[in-house]
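**Student:** Can you look at this prediction? I've put the sequence above it.
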Amino acid sequence: MMQPLPFVREAGTGLGVVCLHSNASSSSQWRALIDELAPDFHVFAPDSYNAGQSPSWPSDRVISLSDEVGLIEPLLARAGPGCVLVGHSYGAAIALVAALAHPERIGALVLYEPTLFSLLGAARGSQDDDGVGSVVGNAGRALDAGDTDTAARHFIDYWMGDGAWQRMPSARKPAIEASIKNVRRWGHALTTEPTPVAALAGLDLPVLLMTGGQSTQAAKAVARVLIATLPQVELVEFATLGHMAPVTDAAEVNRVIARFVRSNAGRG
């Protein structure tokens, strides 16, 4: 079977920057960052499987983060050696696995709260797991009942705060309801990823790790593991922002991303 190709937003020339979006989103979340970086870099923003305009996962087999990496491998080749990977949430988890799989291609990483819950190990089920498993379960049961609105509410309110789904503009809801059908697939990929914590200690390249002070305990727990393990990590916390800050407060987050990319481009 031929490897499917992702839909990609692309702009600029120069060293490659590949931007990976969060769950229930698409490459469109990076439009402002693309405009910011395109004068100096060749920027790629793909849609992941079942997101935006990319193909659906072409198998009955459960998907893994390595499968998501396989979808973007042609872009990593086009981006050239020393490229920078930028990822948010699920996309940041993909970026970590991609960097481990292709260290010769990646010069730096920019991560906003990777949701790589498999790294928590024994911490899962403790105070570090503030209900993310229940969210997947509740959303899945709503989907089984044919209620995509309730499924989306469980997911969005967990990540953005109670009432966020109700307050969201109606025009934005259909795309999220369509993507939320993949919530069990996302949860499986993020909780069963076989990459051990020890492998991250060998990821010796500059990493910008961003967190939101108002984010969930589970997301913060993953960040603590990464801070303790990655050899070259710079931590930036946005005290008043949450997990979805790259979407809700893009200008503030993008300024920090652009500064780091310009300072670390081409180091690989």
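**Tutor:** That came through fine.

**Student:** all contacts plus neighbour counts: C-alpha atoms, from now on.
**Tutor:** Fine.

**Student:** all strands for the protein, in order.
**Tutor:** 8-11, 16-20, 42-46, 83-88, 106-112, 207-212, 233-238 (DSSP state E).

**Student:** Contacts only, for the most centrally placed residue in the chain.
**Tutor:** Residue closest to the average C-alpha location in the chain (C-alpha atoms, centre = their mean): G91, at 2.1 Å. Neighbouring residues of G91 by C-alpha atoms under 8 Å, 6 or more residues apart in numbering: 19-23, 114.

**Student:** Please apply the same query to G133.
**Tutor:** G133 is in contact with G187, counting by C-alpha under 8 Å, 6+ apart.

**Student:** now the stretch 101-250 of the chain, which segments are flagged as low pLDDT?
**Tutor:** In the predicted model, the stretch 101-250 of the chain carries pLDDT under 70 at residues 122-130.

**Student:** Now do the contacts for L208.
**Tutor:** Going by C-alpha under 8 Å, 6+ apart, L208 touches 109-111, 233-236, 260.

**Student:** Out of the strands of the chain, which is closest to A245?
**Tutor:** Nearest to A245 among the strands of the chain is strand 207-212; the distance by C-alpha to C-alpha comes to 7.3 Å.

**Student:** what's the angle from the closest one to strand 83-88?
**Tutor:** 20 degrees (axes from the mean of the first three to the mean of the last three C-alpha atoms, to 10 degrees).

**Student:** Quick one: distance of strand 207-212 to the chain centre.
**Tutor:** Strand 207-212 sits 12 Å away from the centroid of its parent chain (C-alpha atoms, centre = their mean, to the nearest Å).

**Student:** Now that D157 has come up, it's in contact with R167, right?
**Tutor:** No. Here D157 does not reach R167: they are 10.2 Å apart, not a contact under C-alpha atoms under 8 Å.

**Student:** List the buried residues of stretch 66-78.
**Tutor:** 68-73, 75-76 (16 or more other C-alpha atoms under 10 Å).

**Student:** what's the answer for stretch 33-50, then?
**Tutor:** So for stretch 33-50, counting by 16+ other C-alpha under 10 Å, buried means 33-34, 36-38, 41-50.

**Student:** swap in stretch 240-250?
**Tutor:** Judged by neighbour count (16+ other C-alpha under 10 Å), stretch 240-250 contains these buried residues: 241-247, 250.

**Student:** tell me which of the residues you listed is nearest to A198?
**Tutor:** For these, the nearest to A198 is H243 (25.4 Å; C-alpha to C-alpha).

**Student:** What residues does the nearest residue to T192 once chain neighbours are set aside make contact with?
**Tutor:** Distances taken as C-alpha to C-alpha, 6 or more residues apart in numbering place S118 nearest to T192, at 5.8 Å, with adjacent residues excluded. With contacts defined as C-alpha under 8 Å, 6+ apart, S118 is in contact with 190-194.

**Student:** again with L119
**Tutor:** L119 is in contact with 195-197, 222, 225, counting by C-alpha under 8 Å, 6+ apart.
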